[in-house]
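Chemist: I would like to see how this sequence folds:
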Amino acid sequence: MGVSATAAELSVPEFLQLVADGHRWQILTELGRSDRRVGELTELVGRPQNLVSYHLAELRKAGLVTARRSAADGRDTYYRVDLLRCRNLLGAVTEALHPGLSVGHQGHEVPPARGRPPVVLFLCTGNSARSQMAEALLVHRSGGAIRARSAGSHPKPLHPDAVRVMAERGIDIAGNQTKHLRRFTRNRFDRVITLCDKVREICPEFPGNPPAVHWSMADPAAAGDDTDDAFERTADELEVRVELLMGELTRPDQRRAHAH
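Modeler: Now for the predicted structure:
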């Protein structure tokens, strides 16, 4: 079964038909947890690579999944699910079934913490941009209810454009120090999130084996003449990902886990 509609034209029935396939739904849920390569998805869903590649192509055609070449190995491609598009389409399904079921999205508010607040570690290569921005956004957006740290495999000075785009969002990181990931290898975290393909390949294990999540994001500092726009795009993407992470970490089952 193929889906011929483009992403812009995808209707409610076509969306339901697309995700009703068990293999595609499993691929979407796996990508909802972490960006993945085809080989990883093949192992996770237990299906041949040609079948996984076919379903990925259908999901990409529908605008539900995007792809980006790995910065660690140009022969690899990381796939990412567009969770906001999925949310909007699922909302359209609900509204089509009955308008009274639709609830507007008001942004995520973190309820008061009970017990130990969740702690997240963000990692990239230089700890000069992506991981610093993610750390700052998570702390700011959660009102401090979620704690965050960041580090790099090869720390270098904080990038001025990272400071600028955060300041434009009302967050001051100008005084932040960059740190080596070795500083945190004995600490316990609820999530360890790599934002750089190269760091993912060398990420150490952490006490308690916290879930390892990968957000495959290009280094905005390597964008050449497009650096300003690259930092804006990075901040925009991080805001979306951080909001979704907050929703995951503050689910009732996750909050019970943090309390123990």
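Chemist: what does the domain assignment say about the chain?
Modeler: Domain ranges of the chain: 7-101, 119-258, per automatic domain parsing.
Chemist: so how far is the first one off the chain centroid?
Modeler: Centroid separation for domain 7-101 versus its chain: 14 Å, with CA atoms, centre = their mean, to the nearest Å.
Chemist: average model confidence for it?
Modeler: Averaging pLDDT along domain 7-101 yields 91.
Chemist: Three-state assignment for the closest residue to residue 181 other than its chain neighbours, please.
Modeler: Once flanking residues are discounted, residue 181 sits nearest to residue 151: 4.1 Å by CB to CB, 6 or more residues apart in numbering. C-beta here means a position set from N, CA and C on the backbone, and glycine is covered the same way. Secondary structure, DSSP: H, G, I helix; E, B strand; the rest coil: residue 151 is strand.
Chemist: repeat for residue 193
Modeler: Residue 193 is classified as strand under three-state DSSP.
Chemist: Report the contact partners of it.
Modeler: Residues in contact with residue 193 (CB atoms under 8 Å, 6 or more residues apart in numbering) are 120-123, 134, 212-215, 245.
Chemist: Dump these to TSV, plus secondary structure.
Modeler: Converted to TSV, the contacts of residue 193 look like this (three-state DSSP):
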residue	secondary structure
120	strand
121	strand
122	strand
123	strand
134	helix
212	strand
213	strand
214	strand
215	coil
245	helix
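Chemist: just to revisit the earlier point, from the domains of the chain, which stretch is densest packed?
Modeler: domain 119-258 (a mean of 18; mean count of other CB atoms under 10 Å).
Chemist: and of the contacts of residue 193, the nearest to residue 94?
Modeler: If you rank the contacts of residue 193 by distance to residue 94 using CB to CB, residue 245 comes first, at 23.3 Å.
Chemist: could you measure that closest one against residue 134, distance?
Modeler: 9 Å (CB to CB, to the nearest Å).
Chemist: and if you look at residue 42?
Modeler: Here residue 42 is placed at a distance of 29 Å from residue 134 (CB to CB).
Chemist: Would you mind naming the residues that bridge with the residue nearest to residue 181?
Modeler: residue 123 (DSSP bridges).
Chemist: hang on, it packs against residue 123?
Modeler: Yes. Residue 151 is within contact range of residue 123, at 5.8 Å (criterion: CB atoms under 8 Å).
Chemist: got any residues that touch both of those two?
Modeler: Joint contacts of residue 151 and residue 123 (CB under 8 Å, 6+ apart) are 131, 181.
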